[in-house]
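1. Next input, structure requested:
(chains A and B)
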There are 2 protein chains.
Amino acid sequence: MIRRLCIVGVGLIGGSLARALKVADAVGEVVGYGRDPQALQLAQELGVIDRAETDPQAALRDADVVVLAVPVGAMEGVLRELAPFLSPQTIVTDVGSTKGSVVTAAERVFGTVPPRFIPGHPIAGTERSGVAASFAELYHNRRVILTPLATTDRAALETVRGMWQAAGAQVVEMAVRHHDEVLAATSHLPHILAYTLVDTLARMEEHTEIFCFAAGGFRDFTRIASSDPRMWHDICLANRDALLGVMDRYAADLAQLRGAIERGDGEAILTTFRRAKQARDEFKQ
Amino acid sequence: MIRRLCIVGVGLIGGSLARALKVADAVGEVVGYGRDPQALQLAQELGVIDRAETDPQAALRDADVVVLAVPVGAMEGVLRELAPFLSPQTIVTDVGSTKGSVVTAAERVFGTVPPRFIPGHPIAGTERSGVAASFAELYHNRRVILTPLATTDRAALETVRGMWQAAGAQVVEMAVRHHDEVLAATSHLPHILAYTLVDTLARMEEHTEIFCFAAGGFRDFTRIASSDPRMWHDICLANRDALLGVMDRYAADLAQLRGAIERGDGEAILTTFRRAKQARDEFKQ
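-> Next comes the predicted model:
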């Protein structure tokens, strides 16, 4: 049980966590902290938070756990805002999609990463944003990756683990760098590809007609291109090296397939498609 | 009302058409023709077809309409098989995803495209294949593109239009070449991108872990990589020129975004993502 939880940035991710912990009766008071009083008011009206604060000192007072649920590009600024009012006893965790950048932000603000700062990342979300889109079941059977450091306080780590488990998630641990490589491949690259596809088509002359004749597969394929541009802009910059690595692998593979199509090499095309279908079919729906 | 309909290739597409026409009471007898007696038997057991034939002459006898529902790479062979037994009165249409290649196949077999041959393409499907996956509602509110030629018999065209309308679809006409360009962009390219992504990831060392940490967005994005490899192999070869054109545009756009990420050009990244999100949001869910 977390007596007092402070959610910094009450949107889809932070709001869904608050809802889940309330449903599980795993939290006392939920304090929402943010810059936008209207968004906080909405969160309060929806019952997602119990109290709204726009002053950092008031927001952090007696908080047991602080969850930073802001885009990764905003992490350093938020940490700097909160740092003067953070008690060493308070556990801080985040939900950022990249972990190397968050660790670096914490180092810049605190000198070294505080032992009770637990970098984390719930592998869950939808293409929607904002507290109105939040729901208590978002983390049910989803994975949450925690990337503790050698200096991490184990008791604080267990508290954060327990919080996510109470929200219905499966918690795993991973090294910071490894997290960023795996996520570049499974999440950041697909978003880049979907954004680029929609943009390529949108800039073609016949774009109205093109979207008009797009079928169900296209809808599914491009759904993630509706995601928050600012958040994904942040991720691209924050996970640049890992992302460039998988983008290059992908571009090379695409060029190879292009070559096979150009020279009419049916065997090469079929081999690629069969291997992909098998991998996709093994990955549960 | 079509008195006798012959479906050549009773899979997802042909089977769903037969089911829809039966539900709409728009067909008399449905004859299934194919090479695989077991698949035809299953189609008959499921009530999708009334009679199964593996002999082309028996299959075509007194058929008013013949629907070729085989992968585009099989069209020419199938037309050659059927040609000796086709009455000039019989209307033939197809469901191939590329139209230039089907018109060429008909020219090769018949010398010129017969006036009662109506090239067509229903913009509908799922990633599944086979008659067991067929369902009567597949074409509800979906578009069907017919690509008549200057020599096309208008009465035959109207019969095919009526057939698809009876199945619940909206029928539009388009030039053959234009169809192939639009579909290369909206359908063929996305499939290529999804197959390539899954294959790229599947060949990475940590592939088991990678698929393990893939979330909902990845599932949607890669669903089409479960599509029939043989069918998509055929499409790549049949629509080569249009496909290479959009692949090159896409690769150039991706390379440009890569450059923006590498040099940390946040404005360029944000502009692309915002433009894409706007286009995707305008495209109805």
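
2. Residue ranges in the stretch 51-200 of chain A under the pLDDT threshold?
-> For the stretch 51-200 of chain A, no stretch has pLDDT under 70.

3. pretty sure residue A:151 is touching residue A:116, no?
-> No. Using Cβ atoms under 8 Å as the test, residue A:151 is too far from residue A:116 to be in contact (10.2 Å). Where C-beta positions appear, they are placed from N, C-alpha and C, glycine not excepted.

4. In terms of neighbours, single out the busier of these two.
-> With neighbours defined as other Cβ atoms under 10 Å in any protein chain shown, residue A:151 and residue A:116 compare such that residue A:116 has more, 22 against 10.

5. Show me the domain layout of chain A.
-> A:2-174, A:179-282 (automatic domain parsing).

6. can you tell if the first one touches chain B?
-> Yes. Contact check for domain A:2-174 against chain B, using Cβ under 8 Å from any Cβ of the partner chain: residues in range are A:123, A:124, A:125, A:126, A:127, A:142, A:143, A:145.

7. can I get these in JSON lines with distance to residue A:246 and neighbour count?
-> JSON lines is the format used below for those (distance: Cβ to Cβ, whole Å; neighbours: other Cβ atoms under 10 Å in any protein chain shown):
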{"residue": "A:123", "distance to residue A:246": "17", "neighbour count": "24"}
{"residue": "A:124", "distance to residue A:246": "21", "neighbour count": "24"}
{"residue": "A:125", "distance to residue A:246": "19", "neighbour count": "24"}
{"residue": "A:126", "distance to residue A:246": "23", "neighbour count": "19"}
{"residue": "A:127", "distance to residue A:246": "21", "neighbour count": "22"}
{"residue": "A:142", "distance to residue A:246": "22", "neighbour count": "18"}
{"residue": "A:143", "distance to residue A:246": "20", "neighbour count": "19"}
{"residue": "A:145", "distance to residue A:246": "17", "neighbour count": "23"}
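
8. Now render the residues you listed as TSV, adding secondary structure.
-> Formatted as TSV, these follow (DSSP: H, G, I helix; E, B strand; the rest coil):
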residue	secondary structure
A:123	coil
A:124	coil
A:125	coil
A:126	coil
A:127	coil
A:142	coil
A:143	strand
A:145	strand
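
9. With chain B as the reference, measure out to the closest residue in space to residue A:37 that isn't next to it in sequence.
-> The shortest distance from residue A:37 to any non-neighbouring residue, by Cβ to Cβ, 6 or more residues apart in numbering or on different chains, is to residue A:54 (5.9 Å). Distance of residue A:54 to chain B, computed by Cβ to the nearest Cβ, to the nearest Å: 26 Å.

10. Quick one: neighbours of residue A:54, just the number.
-> Look at residue A:54: counted by other Cβ under 10 Å, it has 13 neighbours.

11. Strands of chain A, residue ranges please.
-> Under the criterion DSSP state E, strands of chain A are mapped to A:2-8, A:27-33, A:51-53, A:65-68, A:91-94, A:117-118, A:120-122, A:143-146, A:170-173.

12. For the lengthiest helix in chain A, could you pull out the residues that count as buried?
-> Using DSSP state H, we find that the single longest helix of chain A is helix A:240-262. Neighbour counts over helix A:240-262 (16 or more other Cβ atoms under 10 Å in any protein chain shown) mark A:240, A:242-243, A:246-247, A:249-251, A:253-254, A:257-258, A:260-261 as buried.

13. so which of these also contact chain B?
-> Restricting those to those near chain B - Cβ under 8 Å from any Cβ - leaves A:240, A:243, A:246, A:247, A:249, A:250, A:251, A:253, A:254, A:257, A:258, A:261.

14. May I ask which two of the residues you listed are separated the most?
-> A:240 and A:261 (30.8 Å; Cβ to Cβ).

15. so which of the strands of chain A comes closest to residue B:65?
-> strand A:143-146 (51.8 Å).
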